[in-house]
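S.K.: Quick one, what's the 3D model for this:
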Amino acid sequence: MPLFGELFVSELLKMPVLDPTGDELGRLKDFIVIKGDPMPRVSALILEKKKRRYYLGWTDMGIFNKRIMSSNIYASKIEEYEPSEDDLLIARDIFDKQIVDANGAKVVRVNDVKLEGQKDHACLVAVDVGIRGILRRIGIEHESEKFYNVFGKTLTHNLIRWGYIQPLEPRLTTISLIVPRQMISALHPSDIADIISKVPHEQAVALFKGLDPNVAAEALHELEPNVKRAIIEGLDKAHATDVVERMPPDEAADLLSDLGSDTAKELLESIEKDEAEDIQELLAHEEDTAGGIMTNAFLAYPPEWTVMEAIEKLRVDSPNVEDVYYIYVVQGEKLIGVASLRDLILPSPNVRLSEIMETKLKTVSPDTDEQAVAELISKYNLLAIPVIDAEGALLGIVTIDDIVDFLLPPSSRKKRRSV
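M.R.: Numbers count the residues shown, from 1 in each chain. Predicted coordinates:
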């Protein structure tokens, strides 16, 4: 059965479908779609007549185009259609669904579906996510195109081929369209978080499950507290634990503070002991203080080490530290100096850290107000400031990124509370 020209579903809906004698069987209400190779295809038409719906198999169609749709069977042979959630219908289930457009790092909406004839089948070849689809749905596409032409402009098509779309769920009947996940994983974590926050909960969880764990860990911190909570609660324990273990301790502490105490404790008990202790230490500090915004992931080496020894160790340790701005020099646990990365590069490799470190230190205590921390970092043009206890032991550092969050708070910045 040949299809002539471009066929969009919105142009066909409400068209009459005739029997072999030319009598009307009903008007087209929707299409039932099944999986096909390589694309989904129409398996049946749903007709409506006098508020009753009828099932018309695709193999019973004789003519199918924009001008006429005709069946090979008579009204006496057509069966009534009983609505089923197991059926995938184009207008009911695909129209107005949201799709992640990885190229534009945004969420778009399906305004129409394009059909194309392939080996006697009507296949779904693309979805229209542009203004044309909207105009076509309300029946003014051609008039609008003429209006655009008057001003020398073109009403462009915005189609996403079905080959670039896949269901979030394995069953096509619970379709949630999305560009392949490897394309999503290549986006910036903030863009991924923005996409996740704009799709329904079920889609958000399914999308998150498909991300690379390292990417998922970075994106999770950017989400609103309620979205974070819903995502984590939608994952199984092993998956949630894997993601939390890949997060920097301060971000993991932010996450756990957003969860219910039972869920947080369960996650703390399931992750590695050392990491759990780092997170628990951060959670113990009051919000709005240096202790509440610091991270306890930093690089600290003894003063007798040479520059070469420090650089070699830095290469090993730095992948486990989110931001490396300084090397902190400690005697036991007590902070005695700091060296910038520039300080490590310039001297001879055999020079000891004690010879190049800065000893006039700017530090804060864990209960220092975050406003005061921000003022110190700004005043002395620091990239990070150490947090020490009353005995001078290095507890953590507050980085400039944390202060930017404080000065220009994004929706992702959270307050911690003890668990």
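
S.K.: which residue ranges form the strands in the stretch 301-419 of the chain?
M.R.: 326-331, 334-340, 384-388, 394-399 (DSSP state E, counting those that start in this stretch).

S.K.: other SSEs contacting the first one?
M.R.: Counting by 3 or more C-beta pairs under 8 Å, 6 or more residues apart in numbering; DSSP states H and E, the packing neighbours recorded for strand 326-331 are strand 300-301, strand 334-340, helix 341-345, helix 353-356, strand 394-399. Heads up, the C-betas are built off the backbone N, CA and C, glycines and all.

S.K.: now the stretch 151-300 of the chain, which segments are flagged as low pLDDT?
M.R.: Within the stretch 151-300 of the chain, the stretches with pLDDT under 70 are 163-185, 200.

S.K.: 50 instead, please
M.R.: Residue ranges of the stretch 151-300 of the chain with pLDDT under 50: 168-177.

S.K.: Show me where it has its strands.
M.R.: So, for the stretch 151-300 of the chain - with DSSP E, counting those that start in this stretch - the strands run 159-161, 166-167, 177-178, 300-301.

S.K.: Surely residue 39 is in contact with residue 122?
M.R.: No. Here residue 39 does not reach residue 122: they are 10.3 Å apart, not a contact under C-beta atoms under 8 Å.

S.K.: So the two - more neighbours on which side?
M.R.: residue 122 (25 against 18; other C-beta atoms under 10 Å).

S.K.: Look up phi and psi at the more buried one.
M.R.: Backbone geometry at residue 122, expressed as degrees, to the nearest 10, gives phi -100, psi 110.

S.K.: Report how many residues lie close to residue 267.
M.R.: So residue 267, with other C-beta under 10 Å, has 23 neighbours.

S.K.: now residue 197
M.R.: 16.

S.K.: follow-up on the earlier one: to residue 370, which of the helices and strands packed on strand 326-331 lies closest?
M.R.: strand 394-399 (8.0 Å; C-beta to C-beta).

S.K.: Give me the angle between the closest one and strand 326-331.
M.R.: Here the directions of strand 394-399 and strand 326-331 differ by 170 degrees (axes from the mean of the first three to the mean of the last three C-alpha atoms, to 10 degrees).

S.K.: Strand 394-399 - contacts with which helices or strands?
M.R.: helix 290-293, strand 326-331, strand 384-388.

S.K.: The stretch 201-350 of the chain: helices as residue ranges?
M.R.: With helices called from DSSP state H, counting those that start in this stretch, the stretch 201-350 of the chain shows them at 201-209, 213-220, 225-234, 237-245, 249-258, 261-270, 273-283, 290-293, 307-317, 341-345.

S.K.: Equivalent analysis for the stretch 1-150 of the chain, please.
M.R.: Remark: helices assigned in the stretch 1-150 of the chain by DSSP H, counting those that start in this stretch are 9-12, 131-137, 141-150.

S.K.: Would you mind saying which of the ones you listed lies nearest residue 239?
M.R.: helix 131-137 (36.3 Å).

S.K.: CA atoms of the closest one as CSV?
M.R.: This file holds the C-alpha atoms of helix 131-137, laid out as CSV (Å, rounded to 0.1, in the frame of the first residue of the first chain):
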residue,chain,number,x,y,z
ILE,A,131,6.5,25.4,15.6
ARG,A,132,5.4,23.8,12.3
GLY,A,133,4.0,20.8,14.3
ILE,A,134,2.0,23.1,16.6
LEU,A,135,0.6,25.1,13.6
ARG,A,136,-0.2,21.8,11.8
ARG,A,137,-2.1,20.5,14.9
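
S.K.: before we move on, back to that, quick one: closest of the strands of the stretch 301-419 of the chain to residue 24.
M.R.: Per C-beta to C-beta, nearest to residue 24 of the strands of the stretch 301-419 of the chain: strand 394-399, 71.1 Å.

S.K.: So for the closest one, what gets flagged as buried?
M.R.: 394-399 (16 or more other C-beta atoms under 10 Å).

S.K.: Please find the angle between the direction vectors of it and helix 273-283.
M.R.: Angle between the axes of strand 394-399 and helix 273-283 is 70 degrees (criterion: the same axes, to 10 degrees).

S.K.: pLDDT (mean, whole number) over strand 394-399?
M.R.: The average pLDDT for strand 394-399 rounds to 93.

S.K.: how distant is it from the center of its chain?
M.R.: Here the centre of strand 394-399 is set off from its chain's centre by 30 Å, with C-alpha atoms, centre = their mean, to the nearest Å.

S.K.: now do stretch 64-81
M.R.: 43 Å.

S.K.: Make sure residue 193 is actually in contact with residue 217.
M.R.: No. Using C-beta under 8 Å as the test, residue 193 is too far from residue 217 to be in contact (11.8 Å).

S.K.: ok, these two, which is more surrounded?
M.R.: Neighbour count, other C-beta under 10 Å: between residue 193 and residue 217, residue 193 has more, with 24 against 21.

S.K.: nearest residue to that one other than its sequence neighbours?
M.R.: residue 222 (3.5 Å; C-beta to C-beta, 6 or more residues apart in numbering).

S.K.: just residue 90 next, same as before
M.R.: Leaving aside its sequence neighbours, residue 90 sits nearest to residue 31 (C-beta to C-beta, 6+ apart; 4.6 Å).

S.K.: how near is the one you found to residue 86?
M.R.: Relative to residue 86, residue 31 is positioned 15 Å away (C-beta to C-beta, to the nearest Å).

S.K.: Name the residue in the two with the higher neighbour count.
M.R.: residue 31 (26 against 7).

S.K.: residues touching that one, list them.
M.R.: 9, 42, 44-46, 89-91, 122 (C-beta atoms under 8 Å, 6 or more residues apart in numbering).

S.K.: Dump the helices and strands packed on strand 394-399 to JSON lines, plus distance to residue 252 and mean neighbour count.
M.R.: Shown next, in JSON lines, are the helices and strands packed on strand 394-399 (distance: least, C-beta to C-beta, whole Å; neighbours: other C-beta atoms under 10 Å):
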{"stretch": "helix 290-293", "distance to residue 252": "14", "mean neighbour count": "26"}
{"stretch": "strand 326-331", "distance to residue 252": "21", "mean neighbour count": "22"}
{"stretch": "strand 384-388", "distance to residue 252": "18", "mean neighbour count": "24"}
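
S.K.: if you compare the helices of the stretch 201-350 of the chain, which one is most tucked away?
M.R.: Each of these was assessed for mean neighbour count using mean count of other C-beta atoms under 10 Å. The highest is helix 290-293, with a mean of 26.

S.K.: Please name every helix or strand in contact with that helix.
M.R.: helix 370-379, strand 384-388, strand 394-399, helix 400-407.
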